[in-house]
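Peer 1: Here is the input, now give the coordinates:
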Amino acid sequence: MKLLLLSNSTQHGREYLAHALDTVTGFLPEGGRLAFVPYALSDHDAYTAQVRKALEPAGITVRGVHESSAPVDELHACDAVFVGGGNSFRLLAELYATGLRQAVTEAVRGGMPYMGASAGTNMAAPTLRTTNDMPIVQPPSFETLGLVPFQINPHYLDPDPGSTHKGETREQRLTEFLEENDVAVLGLREGSWLRVTGDRARVEGARPARLFRRGTPPEELPADTEVSELLRHSPRFDRRTNGE
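Peer 2: Model prediction:
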């Protein structure tokens with residue numbers, strides 16, 4: 001498989017995808033046709049136009065899967081797929097409704113390059129359980145695409161030592177997740193991403209990632225750290241909370 005999983009698509013003070021544009025255009029097939037999945041936001045046309053503006057100057061043709069009456073056929077007519085960010089629950093519900101959940105999984109396992117950002121990166125994990133989003137809709141299940149066997153937390157935020165906010169930090173929330181589920185969680189800070197090529201996986205980008213595992217302290221992973229061993233572990237989930 002070929003995966004490029006971005007923590008974020010927009011970096012503060014920069015245009016859409018500008019912080020990772022060289023990486024993105026180098027990952028996508030040159031001169032290819034890209035299937036864009038815009039379902040995480042409500043305005044699919046505006047979202048697709050934003051992606052076109054960023055990528056078509058590099059010679060990449062962008063097709064929103066919603067622009068076809070048969071989104072699965074549109075996917076199969078393209079050379080790569082990009083699942084954009086927004087609300088993960090809304091995105092997953094639409095992937096189920098359109099048949100794209102199964103179709104994307106099969107296409108990517110068959111060799112189609114997959115790029116995700118934020119919610120689209122969440123989709124690459126086995127389940128939705130480490131998203132930051134509010135469940136504004138209820139998908140049929142929490143099961144996502146399962147392209148990697150570990151969980152991902154995009155937009156990972158470090159605790160602010162000066163904050164007076166008494167709610168859980170991101171680290172506390174992920175620790176709670178690990179109390180119920182035995183599976184690694186890769187926290188991707190903004191500006192970082194994960195690249196998977198076959199049986200190799202590497203953290204890349206401008207900032208380190210943070211790895212959470214049950215029973216061990218969180219581990220800092222500088223950019224260019226190989227994490228291929230994460231691809232070889234089978235997760236164990238608490239089935240009571242899978243939306244089934």
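Peer 1: ok, the spatially most central residue of the chain - contacts?
Peer 2: For the chain, the residue nearest the mean C-alpha position is T121 (0.1 Å; CA atoms, centre = their mean). Neighbouring residues of T121 by CB atoms under 8 Å, 6 or more residues apart in numbering: 5-7, 85, 152, 154, 188, 194. All C-beta atoms are positioned from the backbone trio N, CA, C, and that covers glycine.
Peer 1: how about a cut-off of 7 Å?
Peer 2: If you count contacts by CB atoms under 7 Å, 6 or more residues apart in numbering, T121 has them with 5-7, 152, 154.
Peer 1: In space, what's closest to it - neighbours in sequence excluded?
Peer 2: In space, and not counting its chain neighbours, T121 is closest to L5: 4.2 Å by CB to CB, 6 or more residues apart in numbering.
Peer 1: Same list, the contacts of T121, but as JSON lines with secondary structure please.
Peer 2: Shown next, in JSON lines, are the contacts of T121 (DSSP: H, G, I helix; E, B strand; the rest coil):
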{"residue": "L5", "secondary structure": "strand"}
{"residue": "L6", "secondary structure": "strand"}
{"residue": "S7", "secondary structure": "coil"}
{"residue": "I152", "secondary structure": "strand"}
{"residue": "P154", "secondary structure": "strand"}
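Peer 1: Relative to L230, which of those residues is nearest.
Peer 2: Of all the contacts of T121, L230 sits closest to I152, with 10.2 Å by CB to CB.
Peer 1: picking up where we left off before, distance check, the residue nearest to T121 against R173.
Peer 2: Going from L5 to R173 by CB to CB, to the nearest Å gives 20 Å.
Peer 1: still on that earlier bit, and the gap between the residue nearest to the centre of the chain and G162?
Peer 2: Distance, T121 to G162, by CB to CB: 29 Å.
Peer 1: sorry, back to before: surely the residue nearest to T121 meets G116?
Peer 2: Yes: look at L5 against G116 with CB atoms under 7 Å: they come within range, at 5.0 Å.
Peer 1: Between these two, which contacts overlap?
Peer 2: Joint contacts of L5 and G116 (CB under 7 Å, 6+ apart) are A124.
Peer 1: If we only consider the contacts of T121, which is nearest to A40?
Peer 2: Minimum distance to A40 across these is 11.8 Å, recorded for P154 (CB to CB).
Peer 1: Tell me the secondary structure at the residue sitting furthest away from the middle of the chain.
Peer 2: Farthest-out residue of the chain from its mean C-alpha position, per CA atoms, centre = their mean: T164, at 30.6 Å. Classification of T164 by three-state DSSP places it in coil.
Peer 1: how near is it to A125?
Peer 2: 32 Å.
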